[in-house]
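**Student:** no sequence on this one, just coordinates:
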DNA sequence: CGGGTTTAGATATTTATGTATCTAAATCTT
DNA sequence: AAGATTTAGATACATAAATATCTAAACCCG
């Protein structure tokens, strides 16, 4: 069930942020970047930055830094974002429509071709340039367009059912925003996203902070 | 800049998922849960589950399991989700409106009171039950309503500016969905959410998987 | 052109996280 | 009722990640 072991998870999670920043710098006309600057931007240690970047195979120049163009290309290639991935999104609710509308995915090689929803009222409409199609069409669509990735934005209660359809249709990567661990065959990769996890972290940080300072009453 | 050290980050990130599942089970009428069941749901080891739960101080019964009611209460208290947190959301774009519309936050003690946007066309409208207000009103609103948390859904380029306004207005926790490390005073907590990080992980998992099996051509 | 400064990258260390082993308590089975 | 099974929780161990230390290369400044 998505049991591919991946090391350096924290590093990989940070790569998109490097990529974002590097693209920004390139637009500004910069061609070289040194670790300390990136470290400040990321709010992490310099050594972490160097180790992160080294995963891509790019080598910098002591006393100088890294070539931005090289870094961008290497990160994109390391992530496989230099080739287009076609995806469908299922569940055109609030989160689903937000993801459809996010332009940044193009930069990540991700093309959301279409959205699917069970609600017949939504079917046939166009959402931010992408067609919204009735769920019953999902399997045929995925097969015809050779879609390899599915983005799951349905309520947890129905997530496994939709997941099963995706798998049956040939989808091999699932980006799962439903709050369930999906059961899938061994050759299907699942990445679960729990947005509330970040909120939990923020909450605890705040509690710890108050516990440490605990002289603030207002 | 949000430099509160938090240990057991992975554990804390998992707590919302436990909470979600436990609530579900309670609705189904169950009152006791044992580790193996939760471990299967989470797709992690049993020992990890026990260690996770132990952080809340709840103690289970050998041979039996944990009382679901106790667990729910303890997790909520540990996260501070038993008391309401009032928040404003800035940036009523696609992601912002998705977050506004997410009902689950009530369960997490989070009340998004209002949304703010720079676009005058949006100001004055109501979005999923919450008023959308012009950005210029932000500071006054935060002060008047004693808002303690800000949810930042604006483009990265303007994130620091909005952040500064939030801090100046008295906000002390910022949930940051913009792809920048914000600079804030030491008493302000920031949690950055990089959605693309999960996509990066999924991409790498897929590449590794193909590399391992590498007998799949289509 | 020579010494100080910046910086990448290797190695070593520390810290955090996940995993295994063991013991004792409660339940189940017969 | 006695032994087998399930399970929590403690302790010990292994792995992963972050941090520190060192060396050498390029640059800057005088």
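**Tutor:** Arrived safely, thanks for sending. Fair warning: this is a prediction, and the values are worked out from it, not measured in the lab.

**Student:** Need the contact partners of the helix or strand hosting residue A:21.
**Tutor:** Assigned by DSSP states H and E, residue A:21 belongs to helix A:9-28. Residues outside helix A:9-28 that contact it (Cβ atoms under 8 Å, 6 or more residues apart in numbering or on different chains) are A:6, A:33, A:38, A:41-42, A:44, A:51-53, A:55-56, A:68-69, A:71-72, A:75-76, A:78-79, A:107-108, B:156, B:179, B:194, B:196-201, B:204. For every residue, glycine as well, the C-beta is placed using N, CA and C.

**Student:** same question, stretch A:159-176
**Tutor:** With Cβ under 8 Å, 6+ apart as the test, stretch A:159-176 has contacts from A:2, A:85, A:87-88, A:90-91, A:135, A:138-139, A:142-143, A:146-152, A:154, A:178, A:180, A:182-185, A:187-193, B:198-199, B:202, B:205-206.

**Student:** circling back to that earlier point, now look at the helix holding residue A:21 and say if it contacts DNA strand C.
**Tutor:** No: counting by Cβ under 7 Å from any atom of the strand, DNA strand C has no neighbours in helix A:9-28; the shortest distance is 9.4 Å.

**Student:** Buried residues, that helix. List them.
**Tutor:** Within helix A:9-28, the residues scored as buried using 16 or more other Cβ atoms under 10 Å in any protein chain shown are A:11-22, A:24-25.

**Student:** And the next helix or strand past that helix?
**Tutor:** Following helix A:9-28 in sequence order, the next helix or strand is strand A:32-33 (DSSP H and E).

**Student:** rewinding a little: report the distance from the helix holding residue A:21 to the chain centre.
**Tutor:** Using Cα atoms, centre = their mean, to the nearest Å, the distance from the centre of helix A:9-28 to the centre of the chain it belongs to is 13 Å.

**Student:** And residue A:5, how far from DNA strand C?
**Tutor:** 9 Å (Cβ to the nearest atom of the strand, to the nearest Å).

**Student:** picking that back up, sort out for me which of the contacts of helix A:9-28 are in strands.
**Tutor:** Judged by DSSP state E, the subset of those located in strands is residue A:33.

**Student:** Relative to whichever strand or helix holds residue A:88, what are the paired strands and their orientations?
**Tutor:** Secondary structure assignment for residue A:88, by DSSP H and E: strand A:85-90. Partner strands for strand A:85-90, per DSSP bridges, with pairing direction: strand A:110-117 (parallel), strand A:149-152 (parallel).

**Student:** who's in contact with it?
**Tutor:** Residues from elsewhere that reach strand A:85-90 (Cβ under 8 Å, 6+ apart): A:96, A:99-100, A:109-117, A:130, A:135, A:138, A:141-142, A:145-154, A:162, A:166, A:171, A:173, A:175, B:203.

**Student:** coming back round to it: list only buried entries from the contacts of stretch A:159-176.
**Tutor:** The buried subset of these - by 16+ other Cβ under 10 Å - is A:2, A:85, A:87-88, A:90-91, A:135, A:138, A:142, A:147-152, A:154, A:178, A:180, A:182, A:184, A:188-193, B:198-199, B:202, B:205-206.

**Student:** Let me see the contact set for the residue nearest to residue A:38 when sequence neighbours are not counted.
**Tutor:** Spatial nearest neighbour of residue A:38, excluding adjacent residues (Cβ to Cβ, 6 or more residues apart in numbering or on different chains): residue A:49 at 5.0 Å. Neighbouring residues of residue A:49 by Cβ under 8 Å, 6+ apart: A:35, A:38, A:39, A:42.

**Student:** Buried ones from those, can you make that a ChimeraX selection?
**Tutor:** Entered in ChimeraX, the line below selects the buried ones among the contacts of residue A:49, by 16+ other Cβ under 10 Å:
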select /A:35,38,39,42
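
**Student:** Nearest to residue B:123 among the contacts of residue A:49?
**Tutor:** Nearest to residue B:123 out of the contacts of residue A:49 is residue A:42 (Cβ to Cβ; 34.1 Å).

**Student:** Pretty sure the closest one sits against residue B:181.
**Tutor:** Yes: assessed by Cβ atoms under 8 Å, residue A:42 is found in contact with residue B:181 at 5.9 Å.

**Student:** how far out from the middle of the chain is stretch A:48-62?
**Tutor:** Distance, centroid of stretch A:48-62 to centroid of chain: 22 Å (Cα atoms, centre = their mean).

**Student:** Can you report how many residues lie near residue A:83?
**Tutor:** Counted with other Cβ atoms under 10 Å in any protein chain shown, residues neighbouring residue A:83 total 8.

**Student:** Skipping its backbone neighbours, what lies nearest it in space?
**Tutor:** Distance criterion Cβ to Cβ, 6+ apart; nearest residue to residue A:83, sequence neighbours excluded, is residue A:109 at 6.1 Å.

**Student:** Next up, the contacts around that neighbour.
**Tutor:** Contacts for residue A:109 were tallied using Cβ under 8 Å, 6+ apart; they are A:76, A:79, A:80, A:81, A:82, A:83, A:84, A:85.

**Student:** With that, I have no additional questions.
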